[in-house]
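1. Sequence unavailable; structure follows:
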Ligand SMILES: CCCCCCCC/C=C\C/C=C/C(=O)SCCNC(=O)CCNC(=O)[C@H](O)C(C)(C)COP(=O)(O)OP(=O)(O)OC[C@H]1O[C@@H](n2cnc3c(N)ncnc32)[C@H](O)[C@@H]1OP(=O)(O)O
């Protein structure tokens with residue numbers, strides 16, 4: 001909707017009304033068309049101001065409408081009509097003017113913004129382009145180079161930058177509507193031709209002028225054609241889905257019925273971090289950046305000394321990069337666990353070893369004051385086991401950060417059967433304050449992200465046994481869009497991490513026979529043997545690739561690996577075959593997706609959006625493929641099922657390839673769209689079909 005009011009004197013005020021961001025839904029567009037007409041017809045009105053209610057000008061086109069047929073007045077003629085009005089029209093921009101919101105403002109003759117407003121054309125992040133005249137008006141206003149930067153990056157800019165670029169006519173710290181009203185009163189009666197951006201020539205460097213002249217004349221048409229192509233592309237659908245899945249995960253719910261809207265979070269102002277290795281240091285910085293005071297504890301003196309040098313430098317660097325709303329929290333360093341007694345929340349980030357973590361939790365429960373939340377940054381150990389050694393198991397949750405913890409966007413908040421809604425709500429809210437995408441996940445080995453990674457890694461190793469090279473596997477995955485293939489990623493993370501976990505699980509180590517079947521299923525000892533050869537990845541300068549020494553970053557093919565793989569195959573009587581990239585993708589990705597279905601079936605994730613957000617924000621899943629579960633829907637569930645059946649038939653000793661019951665059920669009911677799976681799963685559960 002858009003509300004029309006006549007202000008004392010001769011100014012008409014049009015207020016966009018569509019909470020929470022006044023997106024340009026069909027009703028809003030209709031409202032704008034009607035109210036602009038009304039202002040035009042009213043002879044007493046000499047000028048017009050357009051603003052948005054509740055401190056937000058406009059968040060752009062209503063993305064929710066993209067999924068269905070376009071109804072209501074189209075955006076492009078609506079903005080053209082505003083530009084053509086012969087009374088001055090000003091946009092009063094507060095909060096945000098993004099996408100179609102900024103395009104609407106560019107159609108107005110003047111733009112006045114509050115100093116805290118953010119402006120931008122983020123369409124590219126949704127797989128679109130500024131298709132409501134933005135690609136044409138912005139370059140005409142600020143020149144080709146600056147406009148291209150904004151359009152191709154989609155970045156949000158401050159009002160100060162927008163003023164400098166020439167997008168805004170005025171910036172104010174006061175009431176922006178009052179300022180805009182005063183402004184249009186002042187300019188009423190002045191000629192408007194030079195303010196109609198779509199009619200102006202584009203200020204280009206002289207050499208490109210002639211080249212672009214023709215293109216500019218046809219610009220609006222070209223914009224429409226390109227937008228139509230993009231609008232119907234799978235990438236745009238995936239990016240729009242990713243936008244919403246990021247928001248859906250904030251509205252968490254647990255199988256117990258506790259959820260974001262019925263659970264109160266505590267606001268944390270003082271926290272502690274135990275263990276100042278790489279993860280612990282990043283967590284300290286992430287907390288301090290939100291203004292929380294942190295007690296950083298490390299019992300090893302050498303590590304403590306290093307951390308107390310490194311952490312303040314990290315904090316300073318990060319604070320310099322962001323414009324912080326509040327000053328960073330104070331960090332105090334200590335080697336004494338007793339010093340955490342006054343904090344409200346503790347995050348344990350010691351070495352990934354259950355007996356060590358149990359020791360820390362026993363200690364914490366005795367030194368912390370009652371009511372302190374105890375969190376573990378474990379990447380897959382049993383939260384319930386940790387909770388069991390504390391006096392208040394309800395106050396224990398997992399907070400699984402991803403390295404580097406002050407940079408990576410993902411946080412898995414792990415609830416155990418005894419975690420209280422308050423503890424989950426507090427960890428989720430704390431994650432949000434740290435700027436993370438926090439996803440609530442159930443307590444199972446590896447939680448969601450690492451649980452799905454297991455079959456993915458496993459298939460990659462099997463492919464090496466069957467004839468592929470690490471490069472071939474990585475190239476297929478990188479071609480799909482991952483920033484790094486599985487072997488490059490393993491070298492970066494350190495091969496000893498998985499090795500230790502496999503040893504703890506009794507899959508390898510002294511006394512375990514070097515066969516290719518362990519615990520009744522196919523097993524590849526390849527990664528264990530690489531570790532046994534002292535090759536632990538980038539940190540040792542050798543892993544699946546070779547590097548320019550320990551800590552090197554550039555991966556090069558290593559003849560040692562090829563000789564090793566040949567010898568391994570010969571030892572086990574395996575005949576190498578040529579493996580196509582399609583098979584690599586199917587085996588790795590479909591095994592991972594299948595585990596995603598198992599996770600949904602086990603209620604370890606509330607819906608496919610949770611899994612997809614985890615993979616996009618934590619594991620480098622290409623955003624333009626939406627996430628593994630969205631991708632499954634795009635490929636077709638029937639196809640995924642058929643290929644899993646095929647691969648499982650060929651490898652019956654690999655349980656991860658056995659199609660999940662949920663996948664079969666979804667195919668049986670006609671492969672409904674991913675947005676409906678959550679409801680389907682809940683119904684199936686009620687009827688005990690899962
Ligand atoms: C075949 C040819 C077809 C032609 C069709 C022509 C169509 C026109 C095409 C192109 C022109 C214009 C395109 C666009 O404008 S695309 C949209 C561009 N805008 C954006 O990308 C902004 C997206 N939003 C944000 O970045 C943020 O939401 C924010 C900065 C505005 C506010 O952030 P914050 O305060 O953190 O709140 P949330 O992100 O949590 O959002 C709150 C709430 O609002 C919903 N929401 C936000 N923006 C939109 C939107 N543009 N449309 C619909 N809904 C939106 C968001 O989903 C949250 O909802 P909730 O989870 O239900 O609470």
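-> Received the coordinates, thanks. Small disclaimer: the values here were computed from a predicted structure and weren't measured. Numbering: from 1, shown residues only.
2. got any ranges where this structure has weak pLDDT?
-> Filtered on pLDDT under 70, the chain yields the residue ranges 204-217, 690.
3. Break it down into its domains, please.
-> The record, using automatic domain parsing to delimit domains, assigns the chain the ranges 2-230, 270-447, 468-571.
4. Spell out the residue ranges of the strands in the stretch 151-300 of the chain.
-> Here the stretch 151-300 of the chain has its strands, by DSSP state E, counting those that start in this stretch, at 157-158, 170-172, 270-274, 293-297.
5. which outside residues touch the first one?
-> So the one you mean is strand 157-158. With CB atoms under 8 Å, 6 or more residues apart in numbering as the contact definition, strand 157-158 has outside contacts at 115, 117, 118, 119, 120, 150, 165. Quick note: C-beta positions are derived from backbone N, CA and C, even for glycine.
6. Over in the stretch 301-450 of the chain, which residue gets nearest the ligand? Let me know.
-> With CB to the nearest ligand atom as the measure, residue 432 is the residue of the stretch 301-450 of the chain nearest to the ligand, at 9.4 Å.
7. Now do the longest helix seen in the chain against strand 293-297: the angle between them, please.
-> Longest helix in the chain by number of residues (criterion: DSSP state H): helix 301-321. Interaxial angle, helix 301-321 versus strand 293-297 (axes from the mean of the first three to the mean of the last three CA atoms, to 10 degrees): 150 degrees.
8. who are the neighbours of the following helix or strand past helix 301-321, in terms of helices and strands?
-> Moving toward the C-terminus from helix 301-321, the next helix or strand (DSSP states H and E) is strand 331-334. Where contact means 3 or more CB pairs under 8 Å, 6 or more residues apart in numbering; DSSP states H and E, strand 331-334 is packed against strand 293-297, helix 301-321.
9. center of the protein, which residue is that?
-> For the chain, the residue whose C-alpha lies nearest the mean C-alpha position (CA atoms, centre = their mean) is residue 617; its distance is 3.8 Å.
10. ok so that residue is a helix residue?
-> Yes. Applying DSSP: H, G, I helix; E, B strand; the rest coil, one finds residue 617 inside a helix.
11. that older thread, which one, of the strands of the stretch 151-300 of the chain, ends up nearest to residue 1?
-> Set against residue 1 and scored by CB to CB, the strands of the stretch 151-300 of the chain come closest in strand 170-172, at 26.3 Å.
12. which strands and helices sit next to that closest one?
-> strand 110-114, helix 159-165, helix 176-187.
13. And for it, what's in contact with it?
-> Against strand 170-172 from outside (CB under 8 Å, 6+ apart): 112, 113, 114, 115, 159, 160, 162, 163, 179, 183.
14. rerun that using 6 Å as the cut-off
-> With CB atoms under 6 Å, 6 or more residues apart in numbering as the test, strand 170-172 has contacts from 112, 113, 115, 159, 163, 179.
15. Those residues of this structure touching the ligand, which are they?
-> Proximity of the chain to the ligand (CB under 6 Å from any ligand atom) is limited to residues 20-21, 23, 59-64, 70, 75, 96, 98-100, 122-123, 126, 128, 131-132, 227-228, 231, 244, 247.
16. Narrow these to just the buried residues.
-> Among these, those classed as buried by neighbour count (16 or more other CB atoms under 10 Å) are 21, 23, 59-63, 75, 96, 98-100, 122-123, 126, 128, 131-132, 227, 231.
17. just to revisit the earlier point, so which bits of the longest helix of the chain are buried?
-> Applying 16+ other CB under 10 Å to helix 301-321 flags 303, 304, 307, 308, 311, 312, 314, 315, 318 as buried.
18. Now name the helix or strand holding residue 139.
-> Assigned by DSSP H and E, residue 139 belongs to helix 134-142.
19. My read is that residue 141 contacts residue 197, right?
-> Yes. The criterion here is CB atoms under 6 Å, and residue 141 meets it with residue 197 at 5.4 Å.
20. can you pull the buried residues of stretch 641-658?
-> For stretch 641-658, burial by neighbour count (16+ other CB under 10 Å) applies to 641, 643, 644, 647, 648, 651, 654, 656, 657.
21. From those, pick the one nearest the ligand.
-> residue 641 (31.5 Å).
22. Surely that closest one touches residue 666?
-> No. If you go by CB under 6 Å, residue 641 and residue 666 don't touch, sitting 8.7 Å apart.
23. In the stretch 151-300 of the chain, what residue lies closest to the ligand?
-> residue 247 (3.7 Å).
24. Neighbours of residue 563, how many?
-> The tally of other residues near residue 563 (other CB atoms under 10 Å) stands at 10.
25. Distance check, it against residue 469.
-> Distance of residue 563 to residue 469, given as CB to CB, to the nearest Å: 12 Å.
26. do the same with residue 17
-> Counting by CB to CB - residue 17 and residue 469 are separated by 60 Å.
27. Compare these two (neighbour count), which wins?
-> Neighbour count, other CB under 10 Å: between residue 17 and residue 469, residue 469 has more, with 18 against 15.
28. which one is the more buried one nearest to, not counting chain neighbours?
-> In space, and not counting its chain neighbours, residue 469 is closest to residue 562: 6.8 Å by CB to CB, 6 or more residues apart in numbering.
29. one step back: let me know the closest of the buried residues of helix 301-321 to residue 222.
-> Residue 222 lies nearest to residue 318 out of those, by CB to CB, at 41.5 Å.
30. Can you list the residue ranges for strands in the stretch 451-600 of the chain?
-> With DSSP E, counting those that start in this stretch as the criterion, the stretch 451-600 of the chain has strands spanning 517-518, 521-522.
31. Which of those strands sits closest to residue 528?
-> The minimum distance between residue 528 and the strands of the stretch 451-600 of the chain falls on strand 517-518, with 10.4 Å, by CB to CB.
32. May I have the strands that pair with that closest one, each with its orientation?
-> Strand pairing for strand 517-518, using DSSP bridges, gives strand 521-522 (antiparallel).
33. neighbouring contacts of the strand it pairs with?
-> Strand 521-522 is contacted from outside by 653, 654, 655, using CB under 6 Å, 6+ apart.
34. how much space between the last one and residue 521?
-> Here the distance between residue 655 and residue 521 works out to 6 Å (CB to CB).
35. go on, the first one?
-> When CB to CB is the yardstick, residue 653 and residue 521 sit 6 Å from each other.
36. cool, and the second one?
-> When distances are taken as CB to CB, residue 654 and residue 521 turn out to be 7 Å apart.
37. repeat for residue 344
-> Residue 344 is 45 Å from residue 521, where distance means CB to CB.
38. For these two, indicate the residue with more neighbours.
-> residue 344 (18 against 13).
39. pretty sure that one is touching residue 268, no?
-> Yes. If you go by CB under 6 Å, residue 344 and residue 268 touch, sitting 5.1 Å apart.
40. Need the residues touching each of those two.
-> Residues touching both residue 344 and residue 268 (CB under 6 Å, 6+ apart): none.
41. Phi and psi next, for residue 69.
-> phi -70, psi 140 (degrees, to the nearest 10).
42. To what extent is it buried, counted in neighbours?
-> Neighbours around residue 69, by other CB under 10 Å: 5.
43. Over to residue 42?
-> Residues near residue 42, counting by other CB under 10 Å, number 15.
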